[in-house]
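Chemist: just the structure for this:
(chains A and B)
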Amino acid sequence: MEDSMTVELLWTTLAALLTVATFSFLYKDNPFYKFAEHLVVGVGAGYFAVLLVMNSLKPTLIDRVIIGQWWYLIPGILGAMMWFRFSKKLAWLSRFPIAFYIGTSGVAIPLYMYNSVNRQLSATLDLTPGFGSLTEFWNIIIVIGVLTGLMYFFFSKEHKGAFGGAAKFGIWILMLGFGSSFGYTVMARVSLFVQRIAFLEEWYFMVKNYFV
Amino acid sequence: MNIFDRMVALDRRWVFLFLFVVVALAYFFRSQFSVGVVTTGEVESIYNFIENAQPGEKILVSFDYDPSSLAELHPMSRAIMLHCFRKGVKVVTVTLSQYGAGMVEEITREVSAEASELYGREIVYGEDYCFIGYRPYPAFVILGMGENFRVFFPRDYYDTPLDEIPIMHRVRNYDDLKGVIAITSGTTSDMWIIYGNARYNMPLSLGVTGVMATDYYPYLGNALFGLIGGWKGAAEYEKLVKQEADANEGMPAQVVAHLTIVLFIVIGNLGYLMTERKKKITV
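Modeler: Model prediction:
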């Protein structure tokens, strides 16, 4: 019991030191930060390599070939052909799997058009008749916002008069969008920071409980 | 050098230090003040989706994030899973993130133990939830699961054949599930929208990091039936399920951090405007 607590404390202390080493970059670049950075990259790459072999190559290729489903060798060979990129003479062979991969990505084109263009257009112009509801008010604002936002990027006509006014309104709409994105970004970064503070607090109590 | 010149020339490390101190203090004294969290329609619709599900119905929760986003997304993952377990909704979990597998295994184990204690019934792996594991290339995996889960996942994370897991009986593809909730920190959310929702038309909602949230609001109401954005969204969900934890505890620090940043933006702009004005007067 004592041993497992000591081991846990040592690992948590190492993580706490690495957290402090990472924060030290805020003062200036230094060897402690560089060590922490390289450690993350190295551990991450090693972990991913093992995961890829055990979770992907083994169950979906090796295990299937072993039980006689030899046709799984075809995508296996195609995948291996990607490595010819490193040979100047045979690099052309890698174009076959790349062409296959790009070709299969073509399935995304109609789906992307449907969900990210067509449905977005119809949702933008959703002007359900009737008044008195806040949703309808915002629907009108969305239509006006989209149109004036687009006007700002129309440079074939000078931004003067009514057109200039609409373009100016459009830039305000864009600024509101950027502002809300920035607010959310701050929230995201602070969340990460608070979690690290929480971890350091947890480590402090762990050390205290161990020695007291 | 007057005060405005000093404002503009302020070393950014002072800003970091100040922010560090106020956020740490706000977190340490979090029990001294609370922040009212107002729930929004986009989060409520996910809550209602699970609340209106019948016990025994199944949903897919995809944890498509890695440890770098754990702080932001774990609170919402926990709250959603607790809600499902409370309602008796079965949860099939998967990860499309390369570093996510170990993390998902940990959270599913922890939350199922917590739910067992909270709701007074044992949450059993294979009957109440399962974790089918990780496969690379999210777009293909999403398409594959739309045909048959067994194409990419013949066995679960613990090497048990899918057909031997009770929760996966009669589950062939998305048609056999009530819906999908993808908690993501990257482009996988686009893949769920494009390959999952557009191709198979299953009910889809997203839980995303704060940085991503504004990008996905336009999809609400058509491709998505709900959206949880960052810690604020997680805090809302925790409040709805009455299990306030990490996200709610962090809200005082969030408020203080935002106010500090607004203060520094005002100081910076004021300094800039005044020094520009001084330059004009001098010219």
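
Chemist: model confidence over the longest helix seen in chain B, on average?
Modeler: When chain B is parsed with DSSP state H, its longest helix is helix B:246-282. The predicted model assigns helix B:246-282 a mean pLDDT of 87.

Chemist: same question, stretch B:215-235
Modeler: In this model, stretch B:215-235 has a mean pLDDT of 91.

Chemist: near chain A at all, it?
Modeler: Yes - Stretch B:215-235 is in contact with chain A by CB under 8 Å from any CB of the partner chain, via B:218, B:219, B:221, B:222, B:223, B:229, B:230, B:231, B:232. In this view, the C-beta of every residue, glycine as well, is placed from N, C-alpha and C.

Chemist: likewise for stretch B:87-97?
Modeler: No - for stretch B:87-97, no contact with chain A is found by CB under 8 Å from any CB; the gap never falls below 10.0 Å.

Chemist: buried residues, that stretch. List them.
Modeler: Buried positions in stretch B:87-97, judged by neighbour count with 16 or more other CB atoms under 10 Å in any protein chain shown: B:87, B:89, B:90, B:91, B:92, B:93, B:94, B:95, B:96, B:97.

Chemist: report the distance from the longest helix of chain B to the chain centre.
Modeler: On the basis of CA atoms, centre = their mean, to the nearest Å, helix B:246-282 sits 28 Å off its chain's mean C-alpha point.

Chemist: list the buried residues of it.
Modeler: Within helix B:246-282, the residues scored as buried using 16+ other CB under 10 Å are B:246-254, B:256-257, B:260-261, B:264, B:271, B:274-275.

Chemist: show me where the stretch 101-250 of chain B has strands.
Modeler: B:129-134, B:179-184, B:204-208, B:226-229 (DSSP state E, counting those that start in this stretch).

Chemist: just those strands: most buried one?
Modeler: Highest mean neighbour count of these: strand B:204-208, a mean of 29 (counted as mean count of other CB atoms under 10 Å in any protein chain shown).

Chemist: average model confidence for that strand?
Modeler: Mean per-residue pLDDT for strand B:204-208: 96.

Chemist: ok, and what's touching that strand?
Modeler: Strand B:204-208 is contacted from outside by B:45-46, B:49, B:73, B:76-77, B:80, B:179-185, B:189, B:192-193, B:196-197, B:216, B:223-230, B:233-234, using CB atoms under 8 Å, 6 or more residues apart in numbering or on different chains.

Chemist: what's the answer for stretch B:35-52, then?
Modeler: Contacts to stretch B:35-52, defined as CB under 8 Å, 6+ apart, come from residues B:59, B:80, B:83-84, B:87, B:89, B:178-179, B:181, B:203, B:205, B:217, B:220, B:225-229, B:232-233, B:235-237, B:239-241, B:248, B:251-252, B:254-255.

Chemist: quick one: distance of that stretch to the chain centre.
Modeler: Here the centre of stretch B:35-52 is set off from its chain's centre by 14 Å, with CA atoms, centre = their mean.

Chemist: and for stretch B:100-112?
Modeler: Using CA atoms, centre = their mean, the mean C-alpha position of stretch B:100-112 is found 14 Å from that of the whole chain.

Chemist: go through it and flag the buried ones.
Modeler: The neighbour-count check on stretch B:100-112 (16+ other CB under 10 Å) flags B:100, B:101, B:103, B:104, B:105, B:107, B:108, B:111, B:112 as buried.

Chemist: follow-up on the earlier one: mind putting the strands of the stretch 101-250 of chain B into TSV with distance to residue A:67?
Modeler: Listed next are the strands of the stretch 101-250 of chain B as TSV, based on distance: least, CB to CB, whole Å:
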stretch	distance to residue A:67
strand B:129-134	20
strand B:179-184	31
strand B:204-208	35
strand B:226-229	42
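
Chemist: mind listing the helices for the stretch 101-250 of chain B?
Modeler: B:101-119, B:138-147, B:149-152, B:188-191, B:198-200, B:210-216, B:230-240, B:246-282 (DSSP state H, counting those that start in this stretch).

Chemist: now the ones you listed as a markdown table including distance to residue B:2?
Modeler: Below are those laid out as a markdown table (distance: least, CB to CB, whole Å):
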| stretch | distance to residue B:2 |
| --- | --- |
| helix B:101-119 | 52 |
| helix B:138-147 | 56 |
| helix B:149-152 | 66 |
| helix B:188-191 | 49 |
| helix B:198-200 | 59 |
| helix B:210-216 | 38 |
| helix B:230-240 | 40 |
| helix B:246-282 | 8 |
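
Chemist: do you know the pLDDT at residue A:102?
Modeler: If you check residue A:102, the pLDDT there is 86.

Chemist: report the buried residues of the helix or strand that contains it.
Modeler: Here residue A:102, judged by DSSP states H and E, is contained in helix A:95-105. Within helix A:95-105, the residues that count as buried by 16+ other CB under 10 Å are residue A:97.

Chemist: so what's residue B:194 up against?
Modeler: Listed by CB under 8 Å, 6+ apart, the contact set of residue B:194 reads A:108, A:111, A:112, A:115, A:116, B:139.

Chemist: how many other residues sit next to the residue of the stretch 151-283 of chain B found nearest chain A?
Modeler: Here the stretch 151-283 of chain B gets closest to chain A at one residue, residue B:210, 3.3 Å apart by CB to the nearest CB. Burial of residue B:210 is recorded as 24 neighbouring residues (other CB atoms under 10 Å in any protein chain shown).

Chemist: next: residue B:219.
Modeler: Under the neighbour criterion other CB under 10 Å, residue B:219 is assigned a count of 23.
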